[in-house]
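In: I'll drop the sequence and a predicted model, then ask my questions.
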Amino acid sequence: MTRRELLALLGSAPLLKAAPEAPTAPVSIAKCASYNDDVTATLAAMFDQLGGLARIVKNKTVTVKLNLTGSPALRLKGRPLGETHYVHPKLVGATAYLMGRAGAKRIRFVESAWALSGPLEDYLLDSGWNVRALVAAAPNVEFENTNNLGKGRQYARLKVPVTPYIYPAFDLNHAFEDTDVFVSMAKLKNHETCGVTLSLKNCFGNTPASIYGDNAGKDEPNEQPTSGREAVCHDGKRQPSRSAPQEINFGTNHDPGYRVPHIVADLVAARPVDLAIIDGIESMSGGEGPWIRSKPLRLVQPHVLIAGTNPVTTDSVATAVMGYSPRAGRGTAPFTTCDNTLLLAERHGIGTTDLNRIEVRGVPIAQALYKYEA
């Protein structure tokens with residue numbers, strides 16, 4: 001999509017079928033040349049554009065879902081993980097510092113780590129992170145690997161408050177309920193199954209492998225999971241552990257391009273995102289990680305950060321920044337072989353994909369545009 005094509009898209013958006021009942025919220029875009037620039041000052045200005053960080057986190061417990069997809073041993077062209085498919089540790093540290101300064105009571109970083117049942121801190125160390133510096137960035141910083149019970153005593157059952165697509169509710173690690181604010185921190189990337197992976201798709205990792213993994217217990221969770229979620233979530237070949245709510249129409253659809261976007265929309269309805277932060281300073285295109293072989297992978301440097309208080313409006317702007325229409329249907333890039341997660345979340349009433357209803361603050365989309373399709 002060229003800038004001219006983007007402007008044409010914006011001009012024609014009212015002709016598309018909108019969902020006026022879906023809420024909207026402003027989105028901030030900022031240019032940031034590198035992770036060695038003052039990322040903290042850039043983020044602070046963005047949060048101010050969104051009404052201030054203190055109003056969101058002051059005296060609150062904040063849970064931040066990171067995007068650390070895949071084993072830390074897998075690298076794209078030998079580059080550091082934070083420059084390709086992981087959120088960058090400098091962005092995470094800046095976020096922690098600003099939340100602490102804004103008065104957050106506790107900051108908990110979570111991820112369903114590739115090291116399926118070990119401490120998240122060990123996984124971060126394996127990824128080359130300075131965990132001690134991250135702990136020092138703000139008061140009361142902690143970590144949780146959400147692939148199993150972790151530090152909790154029982155799973156939290158979070159119900160989908162609208163008519164669900166796949167699951168009526170999810171059993172998740174306590175961190176997703178034991179919090180006042182939930183933040184999805186994502187990378188500006190393509191995704192083999194979902195077209196794009198931004199703040200919405202990042203929440204797919206909320207599901208614990210102990211329940212939704214291939215070797216999850218049949219009746220009860222397996223607290224030492226050793227595999228991912230292909231059979232349960234991607235392919236629909238088995239149900240999650242019987243201790244958790246079961247798939248509504250099990251066995252009727254085995255297409256990952258249908259299942260994963262619909263599950264993501266259900267997850268975000270069940271566990272709403274209060275703040276979305278997308279790392280687009282440096283990233284990769286063609287897929288979500290260096291293991292993808294279906295498309296050519298390349299390093300990209302959009303030099304942008306994107307943030308908002310609604311995940312659908314934030315992802316819609318981010319999708320446009322990548323050179324795509326956030327309202328594209330299945331069969332149109334980037335949703336060539338999948339349903340559009342953004343539209344599914346919009347139909348759940350989470351937020352609008354209509355760019356004409358989204359106020360962009362900071363850098364306009366046209367100036368931030370970076371084509372992900374080579």
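Out: Done, it's in.
In: Where do the helices of the stretch 101-250 of the chain begin and end?
Out: Assigned by DSSP state H, counting those that start in this stretch, the stretch 101-250 of the chain shows helices spanning 120-126, 131-136, 209-212.
In: pLDDT at residue 118, what is it?
Out: Residue 118 is assigned a predicted lDDT (pLDDT) of 88.
In: just residue 371 next, same as before
Out: Each residue has a pLDDT score; the one for residue 371 is 97.
In: Check the gap between the spatially closest residue to it that is not a sequence neighbour and residue 78 for me.
Out: Setting aside the residues directly before and after it, residue 371 is nearest to residue 323 in space (Cβ to Cβ, 6 or more residues apart in numbering), at 4.0 Å. The way it works is simple: take the backbone N, C-alpha and C, and place the C-beta from them, glycine included. If you measure residue 323 against residue 78 using Cβ to Cβ, to the nearest Å, the figure is 27 Å.
In: Where is the longest helix in this protein?
Out: Using DSSP state H to assign secondary structure, the helix with the most residues in the chain is helix 256-270.
In: And that helix, what does it pack against?
Out: Counting contacts by 3 or more Cβ pairs under 8 Å, 6 or more residues apart in numbering; DSSP states H and E, the secondary-structure elements packed against helix 256-270 are strand 169-172, helix 341-347.
In: Which secondary structure elements does the last one sit against?
Out: Under the contact criterion of 3+ Cβ pairs under 8 Å, 6+ apart, the helices and strands touching helix 341-347 comprise helix 256-270, helix 311-321.
In: Show me the contact partners of the longest helix of the chain.
Out: Counting by Cβ atoms under 8 Å, 6 or more residues apart in numbering, helix 256-270 makes contact with 158-162, 164-167, 169-170, 193-194, 200-201, 203-204, 206-207, 233-236, 253, 311, 330, 337-341, 344-345, 347-348, 350, all of which sit outside it.
In: rewinding a little: which of the helices of the stretch 101-250 of the chain sits most buried?
Out: Among the helices of the stretch 101-250 of the chain, ranked by average contacts under mean count of other Cβ atoms under 10 Å, first place goes to helix 209-212 (a mean of 28).
In: for the chain, what spans make up the strands?
Out: With DSSP state E applied, the chain shows strands at 27-31, 61-65, 106-111, 141-145, 156-159, 169-172, 181-187, 189-191, 195-197, 275-280, 283-285, 298-300, 304-308, 360-362, listed in chain order.
In: Which stretch among those approaches residue 216 most closely?
Out: Put simply, out of these the one that sits nearest residue 216 is strand 169-172, at 10.7 Å, with distance taken as Cβ to Cβ.
In: Each with direction, which strands does that closest one pair with?
Out: Paired with strand 169-172 in the same sheet, following DSSP bridges, are strand 156-159 (antiparallel).
In: Mind checking which of residue 323 and residue 78 has more residues around it?
Out: Counted by other Cβ atoms under 10 Å, residue 323 and residue 78 do not tie: residue 323 has more neighbours, with 19 against 7.
In: you'd agree that one is up against residue 372?
Out: Yes: between residue 323 and residue 372 there is a contact at 5.7 Å, judged by Cβ atoms under 8 Å.
In: re earlier: quickly compare the helices and strands packed on helix 341-347 and say which is most buried.
Out: Mean neighbour count, computed with mean count of other Cβ under 10 Å, is highest for helix 311-321 among those, reaching a mean of 29.
In: Counting by contacts, list what it packs against.
Out: Taking 3+ Cβ pairs under 8 Å, 6+ apart as the contact definition, the neighbouring helices and strands of helix 311-321 are strand 27-31, strand 195-197, strand 275-280, strand 304-308, helix 341-347, helix 365-368.
In: and residue 242, which of those is closest to it?
Out: helix 341-347 (26.7 Å).
In: With just CA atoms, put the closest one into PDB.
Out: C-alpha atoms of helix 341-347 as PDB (Å, rounded to 0.1, in the frame of the first residue of the first chain):
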ATOM      1  CA  THR A 341      -8.900 -11.100  14.200                       C
ATOM      2  CA  LEU A 342      -9.600  -7.400  14.300                       C
ATOM      3  CA  LEU A 343     -13.000  -7.700  12.700                       C
ATOM      4  CA  LEU A 344     -13.900 -10.600  15.000                       C
ATOM      5  CA  ALA A 345     -13.000  -8.600  18.000                       C
ATOM      6  CA  GLU A 346     -15.000  -5.700  16.600                       C
ATOM      7  CA  ARG A 347     -18.100  -8.000  16.300                       C
END
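In: hmm, back to that, would you list the helices of the stretch 101-250 of the chain in JSON lines and tack on distance to residue 300?
Out: Shown next, in JSON lines, are the helices of the stretch 101-250 of the chain (distance: least, Cβ to Cβ, whole Å):
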{"stretch": "helix 120-126", "distance to residue 300": "24"}
{"stretch": "helix 131-136", "distance to residue 300": "26"}
{"stretch": "helix 209-212", "distance to residue 300": "30"}
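In: Residue 182: which of these is closest?
Out: Taking Cβ to Cβ, helix 120-126 is the member of the helices of the stretch 101-250 of the chain nearest to residue 182, at 16.6 Å.
In: from memory residue 170 sits against residue 204, does it?
Out: No: Residue 170 lies out of contact with residue 204 (Cβ under 8 Å); the separation is 11.0 Å.
In: ok, now which ones touch residue 344?
Out: Counting by Cβ under 8 Å, 6+ apart, residue 344 makes contact with 165, 261, 262, 264, 265.
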